[in-house]
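Student: Quick one: sequence and predicted model below, then my questions.
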Amino acid sequence: MGFILISAGCAIGIGNVWRFPYLCGQYGGGAFVLVYLFFLIILGLPAMCMEFAVGRAARKSPIRMFQELEPKGTVWHIHGVFCMIGNYLLMMFYTTVAGWMFQYFFQEVSGKFEGMDPEAVAGVFSDGLLNPALQVGFMAIVVVLGFFVNMRGLQSGLERVTKVMMTLLIIIMIVLAINSLFLPGAAEGIRYLLVPDFGRMQEQGVWKVIVAAMNQAFFTLSIGIGSMAIFGSYINRDQSLLGESVNVVILDTLVAISSGLIIIPACFAYGVESTAGPGLIFITLPNIFNHMPLGRLWGSLFFIFMTFAAFSTVLAVFENIMAMCMDLFGWNRQKAGLINIFAVFILSLPCSLGFNVLSAIQPKGEGSTFLDLEDYIVSNFLLPLGALVFVLFCTRKTGWGWENFKAEADEGEGLKIQDWMRGYITWILPILILIVFVMGLI
């Protein structure tokens with residue numbers, strides 16, 4: 001259970017909450033969900049299973065696992081370096097965004113938004129971005145708290161905290177979803193979100209919908225930079241890895257759909273446009289909570305839900321960073337945690353200061369920030385190309401090979417890798433991942 005919750009915590013992130021509901025609404029509701037689930041099964045699920053298998057077979061962190069399994073004279077281990085870079089780069093912007101969740105939780109609890117008009121609520125978000133002390137302060141809280149939890153140990157720190165946090169996340173999610181379902185006018189929002197509307201799908205363009213579903217199915221699971229492989233290295237061989245991967249995917253999907261049930265009916269109930277991205281979370285929803293009975297309570301619950309979703313990913317990736325440093329430099333857990341508190345804090349400063357002190361630096365063109373650049377590199381290069389490396393490593397004779405992968409994945413009770421899957425996973429899956437990569441660049 002600890003393995004499932006930690007792995008799901010790594011997969012469940014902010015994208016589940018602010019991107020999935022918008023995509024469902026825009027691209028045909030239940031029609032998009034069906035396409036998304038199809039790609040989640042044929043694209044995300046096998047790639048996740050492979051990452052778990054490499055980790056469990058090697059019993060090392062991503063920086064060393066390829067060295068443990070690769071044939072002599074090959075260079076698959078170079079990807080371990082990119083895994084390490086990817087985990088650091090991901091946290092260079094994710095710590096700031098997680099800090100926004102902490103910040104908004106405290107603001108909701110304190111009643112900061114009560115009585116504000118929509119312009120004032122929008123001003124809170126923009127003014128906060130312009131405040132370097134606020135941005136750096138909450139980022140620092142995320143960094144220090146995250147490494148402090150992991151320094152307490154795998155079971156007494158990470159597993160114990162994640163179990164409590166993920167259990168509370170699921171309970172709060174159910175409570176919020178039930179509340180949204182009983183709002184006046186919510187039925188229209190539920191239909192918009194979940195009932196298949198193939199007409200809306202055709203209006204947007206079927207290929208566009210397919211690409212959006214493929215991207216969401218791939219990126220929602222955080223595969224490609226070893227974030228999942230590290231937890232594979234920690235578990236025993238009592239359960240088969242395909243079955244464990246299915247459990248993680250189901251939990252991730254339930255959170256994504258439930259997020260839509262929380263947000264979209266509320267938007268319809270109060271006649272608010274369900275826009276995409278940060279604006280939905282930090283501007284639209286606080287306005288909705290202002291109009292709800294007990295809005296301060298629901299707002300506080302929503303942002304503690306968002307905090308748990310973000311912080312569970314932070315804890316999982318911090319564990320990966322610490323494990324790689326312990327493998328690479330021979331540090332103990334406490335030393336790896338202390339050094340990385342300072343390292344990740346320094347590395348995260350450009351993102352936190354990119355909206356204010358460093359706003360003149362626009363690395364991807366006018367109006368862009370360091371967050372845009374860092375997110376672009378991780379999402380468009382490191383994740384898809386990293387996942388492709390894992391797939392090729394597990395299916396090619398020059399790598400670990402199909403037979404070794406299948407034997408490791410099938411160890412234990414549960415769903416097994418079938419022989420008929422070999423052709424698809426060996427040849428078609430890499431092509432799908434390349435499509436994700438190319439479409440991301442386009």
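Tutor: Structure's in. What do you need? Numbers count the residues shown, from 1 in each chain.
Student: Pull the residues that contact the lowest-mean-pLDDT helix or strand in the chain.
Tutor: Lowest by mean pLDDT, DSSP states H and E among the helices and strands of the chain is helix 278-279, with a mean of 74. Helix 278-279 is contacted from outside by 18, 100, 125, using C-beta atoms under 8 Å, 6 or more residues apart in numbering. Every residue, glycine included, has its C-beta placed from N, CA and C.
Student: Scan the residues you listed and report the most crowded one.
Tutor: residue 100 (25 neighbours; other C-beta atoms under 10 Å).
Student: ok, and that residue, which helix or strand is that part of?
Tutor: Assigned by DSSP states H and E, residue 100 belongs to helix 78-109.
Student: following that helix, which helix or strand shows up next?
Tutor: Sequence order places helix 118-129 as the next helix or strand after helix 78-109, per DSSP H and E.
Student: model confidence over that following helix, on average?
Tutor: The pLDDT scores in helix 118-129 average 92.
Student: after that helix comes which helix or strand?
Tutor: Defined by DSSP H and E, the subsequent element after helix 118-129 is helix 132-151.
Student: Return the set of buried residues in that next one.
Tutor: Within helix 132-151, the residues that count as buried by 16 or more other C-beta atoms under 10 Å are 134-136, 138-140, 142-143, 145-147, 149-151.
Student: Counting by contacts, list what that helix packs against.
Tutor: Packing partners of helix 132-151 (3 or more C-beta pairs under 8 Å, 6 or more residues apart in numbering; DSSP states H and E): helix 78-109, helix 118-129, helix 295-329, helix 333-353.
Student: I'd like the average pLDDT over stretch 372-386.
Tutor: Taken as a whole, stretch 372-386 has an average pLDDT of 95.
Student: returning to what we had before: out of the helices and strands packed on helix 132-151, nearest to residue 60?
Tutor: Closest approach to residue 60 among these is made by helix 295-329 (6.0 Å; C-beta to C-beta).
Student: tell me the angle the closest one makes with helix 333-353.
Tutor: Orientation check (axes from the mean of the first three to the mean of the last three C-alpha atoms, to 10 degrees): helix 295-329 against helix 333-353 gives 120 degrees.
Student: and helix 295-329 with helix 78-109, angle?
Tutor: If you take the same axes, to 10 degrees, helix 295-329 sits at 160 degrees to helix 78-109.
Student: Please tell me how far helix 295-329 is from the chain's geometric centre.
Tutor: In terms of C-alpha atoms, centre = their mean, to the nearest Å, the centre of helix 295-329 is found 10 Å from the chain centre.
Student: And stretch 288-295, by the same measure?
Tutor: Worked out by C-alpha atoms, centre = their mean, stretch 288-295 lies 28 Å from the chain centre.
Student: how about that stretch: buried residues?
Tutor: Buried residues in stretch 288-295, counted by 16+ other C-beta under 10 Å: 288-290, 292, 295.
Student: on that earlier part again, residue 8: which of the helices and strands packed on helix 132-151 is closest?
Tutor: Smallest distance to residue 8 across these (C-beta to C-beta): 8.0 Å, for helix 295-329.
Student: Quick one: work out the angle between the closest one and helix 132-151.
Tutor: Using the same axes, to 10 degrees: helix 295-329 against helix 132-151 is 60 degrees.
Student: Okay, buried residues for the helix holding residue 100 please.
Tutor: Going by neighbour count (16+ other C-beta under 10 Å), the buried part of helix 78-109 is 79-80, 82-84, 86-105, 107-108.
Student: What's the mean pLDDT across the helix or strand residue 7 falls within?
Tutor: In this assignment (DSSP H and E), residue 7 forms part of helix 2-11. Across helix 2-11, pLDDT averages out at 91.
Student: just stretch 307-318 next, same as before
Tutor: 96.
Student: neighbouring contacts of it?
Tutor: Stretch 307-318 is touched from outside by 6-10, 12-14, 16-17, 87, 90-91, 94-95, 97-98, 101-102, 105, 142, 145-147, 149-150, 158, 161-162, 165-166, 168-169, 172, 222, 227, 231, 255, 340, 344, with contacts defined as C-beta under 8 Å, 6+ apart.
Student: I'd guessed residue 67 sits against residue 77; true?
Tutor: Yes. Using C-beta atoms under 8 Å, residue 67 makes contact with residue 77 at a distance of 4.4 Å.
Student: want to throw the helices and strands packed on helix 132-151 into a markdown table with distance to residue 30?
Tutor: As requested, the helices and strands packed on helix 132-151 are exported to a markdown table (distance: least, C-beta to C-beta, whole Å):
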| stretch | distance to residue 30 |
| --- | --- |
| helix 78-109 | 29 |
| helix 118-129 | 31 |
| helix 295-329 | 23 |
| helix 333-353 | 36 |
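Student: how about the ones you listed, which one is nearest residue 401?
Tutor: From the helices and strands packed on helix 132-151, taking C-beta to C-beta, the stretch that ends up closest is helix 78-109, at 16.2 Å.
Student: now residue 186, nearest residue through space, not along the chain?
Tutor: Nearest residue to residue 186 in three dimensions, chain neighbours excluded: residue 265, at 3.6 Å (C-beta to C-beta, 6 or more residues apart in numbering).
Student: ok, the one you found to residue 216 distance?
Tutor: Applying C-beta to C-beta, to the nearest Å, the value for residue 265 to residue 216 is 21 Å.
Student: again with residue 196
Tutor: Noted for residue 196: a distance of 17 Å to residue 216, by C-beta to C-beta.
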